[in-house]
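[1] I need the structure of the sequence given here:
(one chain, ligands or ions: 2)
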Amino acid sequence: MASTAASPAFCAIPKISSTATRTATSTTRFRLKTPLRGLGFAGAAADPLLAHHVATKLRSSKSSSAKPVRGVASMAKKSVGDLTAADLKGKKVFVRADLNVPLDDNQNITDDTRIRAAVPTIKHLISNGAKVILSSHLGRPKGVTPKFSLAPLVPRLSQLLGVSVVKADDCIGPEVEKLVASLADGGVLLLENVRFYKEEEKNDPDFAKNLASLADIYVNDAFGTAHRAHASTEGVTKFLKPSVAGFLLQKELDYLVGAISNPKRPFAAIVGGSKVSSKIGVIESLLEKCDILLLGGGMIFTFYKAQGLSVGSSLVEEDKLDLATSLIAKAKARGVSLLLPSDVVVADKFAPDADSKIVPASGIPDGWMGLDIGPDSIKTFNDALETTKTVIWNGPMGVFEFDKFAVGTEAVAKKLAELSGKGVTTIIGGGDSVAAVEKVGVADVMSHISTGGGASLELLEGKELPGVLALDEAVPVAV
Ligand SMILES: Nc1ncnc2c1ncn2[C@@H]1O[C@H](COP(=O)(O)OP(=O)(O)OP(=O)(O)O)[C@@H](O)[C@H]1O
Ligand SMILES: O=C(O)[C@H](O)COP(=O)(O)O
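    Numbering: from 1, shown residues only. Ligands and ions are numbered 1, 2, ... in the order given. Okay, the predicted model is just below:
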């Protein structure tokens, strides 16, 4: 498809009204991912950029067991909220949470979001007299690895729950059984990292049966791990009934499936991040549902190049040029307003202190790489977002880890916060966009911030998650 060189915005913006929101530069630092080698880029001397993106690719490369979606109805699961004191008093409840939180070198928790997100379900169980057997993984250990122990989580969990959490040194076996037997009603026992057993990730039926034998009821609240068919997320449900969804899992599904399947319109999707290849499924799925699609991040240069523009030494996936063209065509055919940035911030190297300048999308000089969207694009995006009633955002607009190239990403975060205040449903779909929203300090005002990285991406791609599928169906309500 041909585009005008000056403005590769492919469809009309529905309404133009607001003024652009520019953001203050934050000093928060982000750690870039491990330098590695091996992807194809436009331009020759782009090694740090190359390293950055290969690392990004590997970070999300673990294969999952999620299947293409069969419909929202199949996600309607029985809830822990359906269980009353009569069901729970004195009962042993196995709660699988995702307490996979980041720890620093001294084993201090650097972000307790996932622990806080697990609290409502556990408190509901405690207050109804259940004995809570809490399970999680931490990291990707190969066998028993002390630095991946869940022990550092005990003080914060105890503080948030208002009970003294007991910690087991294992997750199955006689010692654990003794601790379970001595649990008081309303007590909480935290099992050791379930991934210390290789049988967990293999979804070994005997291991799942051992876990199940500890309890009377199963609750899955581990949204961030629901795309994994592991023993504690999927296998255990074959041996333990009822198997129900926790409050966090439900909330994630309500927003990432419910609000998107049946959105208040206009519905805008903002997709960024490094590569179009890692977001194909998300873009294709959202194109079926949204009215406006805003694209940013490293992937835009593949779209530019597909349109015949020069991209200097920006990130480009040469083998995805046809795909970019076909996504543009698909958007047009569906009547979706697909907006690409009309200007970009280019840098002379991939570094926080690079020389930079703002150029039109059609004017990226040789030897320069685009690392952020420019001010005109921010204004255009803000104007387009002004019209919306539902917005979902996944992936940063630029290399936001470098303050100099964080302006576009922070502007989107601020705009969404403003819209949230006006009643727009704002959903942050996991990954780096969550980090950006937190960096700007507007996390609390968003309608929903997903606790899942891979799990949220797979839901947005329209897949069903094995950890959800395995739960008991909700009883249909007669109308
Ligand atoms: N113009 C650009 N050039 C190079 N890299 C970019 C550019 N814009 C954004 N990025 C990088 O994209 C990375 C995020 O991409 P990714 O695809 O992982 O997004 P995400 O979906 O938010 O994250 P996750 O995979 O954790 O869910 C960031 O590290 C950021 O630096
Ligand atoms: O951090 C996550 O995305 C979840 O805890 C899942 O972890 P995993 O990718 O190691 O399965």
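[2] quick check: the residue of the stretch 301-450 of the chain nearest ligand 2.
    Closest residue of the stretch 301-450 of the chain to ligand 2, Cβ to the nearest ligand atom: Gly430 (8.1 Å). Glycine gets a C-beta too; all of them are placed from N, C-alpha and C.
[3] and that residue, how many neighbours?
    Using other Cβ atoms under 10 Å, Gly430 is surrounded by 26 other residues.
[4] Asp104 too?
    Neighbours of Asp104 (other Cβ under 10 Å): 9.
[5] show me which residues of the stretch 351-479 of the chain sit near ligand 1.
    Selection of the stretch 351-479 of the chain residues close to ligand 1 by Cβ under 6 Å from any ligand atom yields 370-371, 394-396, 398-399, 401, 430-433, 453, 457.
[6] get me the contact residues on the chain for ligand 2.
    Lys62, Asp98, Asn100, Arg140, Gly224, Thr225, Arg228, Gly453, Gly454.
[7] nearest to ligand 1, of these?
    After measuring the residues of the chain next to ligand 2 against ligand 1 - Cβ to the nearest ligand atom - the closest member comes out as Gly453, at 4.5 Å.
[8] check the residues of the chain next to ligand 2 and tell me the two furthest apart.
    Farthest-apart pair in these is Lys62 and Asp98; separation 14.5 Å (Cβ to Cβ).
[9] more neighbours, the two?
    Asp98 (27 against 11).
[10] Val219 in helix, strand or coil?
    Secondary structure, DSSP: H, G, I helix; E, B strand; the rest coil: Val219 is strand.
[11] any idea how far ligand 2 is from it?
    According to Cβ to the nearest ligand atom, to the nearest Å, Val219 and ligand 2 sit 17 Å apart.
[12] surely that residue meets Val95?
    Yes. With contact defined as Cβ atoms under 8 Å, Val219 reaches Val95; the gap is 4.7 Å.
[13] name the residues contacting each of these two.
    Counting by Cβ atoms under 8 Å, 6 or more residues apart in numbering, the residues touching both Val219 and Val95 are Thr121, Leu125, Gly246.
[14] thought the second one was touching Leu88?
    Yes. The pair Leu125 / Leu88 is scored as a contact, 6.2 Å apart, by Cβ under 8 Å.
[15] that older thread, in PyMOL, select just the buried ones from the shared contacts of Val219 and Val95.
    The buried residues among the shared contacts of Val219 and Val95 can be selected in PyMOL (16 or more other Cβ atoms under 10 Å) with this line:
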select buried, resi 121+125+246
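[16] between the shared contacts of Val219 and Val95, which is nearest ligand 2?
    Among the shared contacts of Val219 and Val95, and counting by Cβ to the nearest ligand atom, the member closest to ligand 2 is Gly246, at 14.9 Å.
[17] any part of stretch 247-267 near ligand 1?
    No. If you take Cβ under 6 Å from any ligand atom as the test, stretch 247-267 misses ligand 1, and the best it gets is 12.9 Å.
[18] please read the previous query as pertaining to stretch 213-224.
    No. Judged by Cβ under 6 Å from any ligand atom, stretch 213-224 stays clear of ligand 1, getting no closer than 11.2 Å.
[19] any idea how far that stretch is from the chain center?
    22 Å (Cα atoms, centre = their mean, to the nearest Å).
[20] which parts of it are buried?
    Leu214, Ala215, Asp216, Ile217, Tyr218, Val219, Asn220, Asp221, Ala222, Phe223, Gly224.
[21] now the residues you listed in a markdown table, with pLDDT?
    As requested, the buried residues of stretch 213-224 are exported to a markdown table (pLDDT from 0 to 100):
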| residue | pLDDT |
| --- | --- |
| Leu214 | 98 |
| Ala215 | 98 |
| Asp216 | 98 |
| Ile217 | 98 |
| Tyr218 | 98 |
| Val219 | 98 |
| Asn220 | 98 |
| Asp221 | 98 |
| Ala222 | 98 |
| Phe223 | 97 |
| Gly224 | 97 |
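[22] quick check: which ranges of this protein have low pLDDT?
    Within the chain, the stretches with pLDDT under 70 are 1-75, 477-479.
[23] for it, which residue gets nearest to ligand 2?
    Closest point on the chain to ligand 2, by Cβ to the nearest ligand atom, is Asn100, at 3.5 Å.
[24] that residue falls within a strand, correct?
    No. Looking at Asn100 with three-state DSSP, it is coil, so not inside a strand.
[25] mind starting the numbering at 654 from now?
    Right, with 654 as the first residue, what we last looked at is Asn753.
[26] how many residues are close by it?
    Asn753 has 20 nearby residues by other Cβ under 10 Å.
[27] ok, it touching Thr878?
    Yes. Look at Asn753 against Thr878 with Cβ under 8 Å: they come within range, at 7.3 Å.
[28] list residues touching both of the two?
    His790.
[29] which residue packs closest to Lys745, ignoring adjacent ones?
    Take Lys745 and drop its neighbours on the chain: the residue closest to it by Cβ to Cβ, 6 or more residues apart in numbering is Ala868, 4.3 Å away.
[30] is it true that that neighbour touches Leu893?
    Yes. Contact criterion Cβ under 8 Å: Ala868 and Leu893 qualify, at 6.3 Å.
[31] now do the shared contacts for those two.
    Common neighbours of Ala868 and Leu893 (Cβ under 8 Å, 6+ apart) are Phe747.
[32] dump stretch 1025-1035 to CSV, restricted to CA.
    Only the C-alpha atoms of stretch 1025-1035 are listed here, as CSV (Å, rounded to 0.1, in the frame of the first residue of the first chain):
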residue,chain,number,x,y,z
ASP,A,1025,11.0,6.9,20.7
ILE,A,1026,7.9,8.4,19.1
GLY,A,1027,8.0,12.2,18.6
PRO,A,1028,5.9,15.1,19.9
ASP,A,1029,3.5,15.2,16.9
SER,A,1030,2.8,11.6,17.3
ILE,A,1031,2.1,12.0,21.0
LYS,A,1032,-0.4,14.7,20.2
THR,A,1033,-2.0,12.7,17.5
PHE,A,1034,-2.2,9.6,19.8
ASN,A,1035,-3.6,11.7,22.6
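[33] please state the offset of it from the chain centre?
    On Cα atoms, centre = their mean, the centre of stretch 1025-1035 falls 24 Å from that of its chain.
[34] and it, which residues are buried?
    So stretch 1025-1035, judged by 16+ other Cβ under 10 Å, has buried residues Asp1025, Ile1026, Gly1027, Pro1028, Asp1029, Ser1030, Ile1031, Lys1032, Thr1033, Phe1034, Asn1035.
[35] quick one, phi psi at Leu752?
    With angles defined as degrees, to the nearest 10, Leu752 sits at phi -100, psi 30.
[36] let me fix that: Leu906
    According to degrees, to the nearest 10, Leu906 has phi -70, psi -40.
[37] isn't it up against Val1121?
    Yes. If you go by Cβ under 8 Å, Leu906 and Val1121 touch, sitting 6.8 Å apart.
[38] what residue lies at the spatial centre of this protein?
    By Cα atoms, centre = their mean, the mean C-alpha position of the chain lies nearest to Gly1083, the distance being 2.0 Å.
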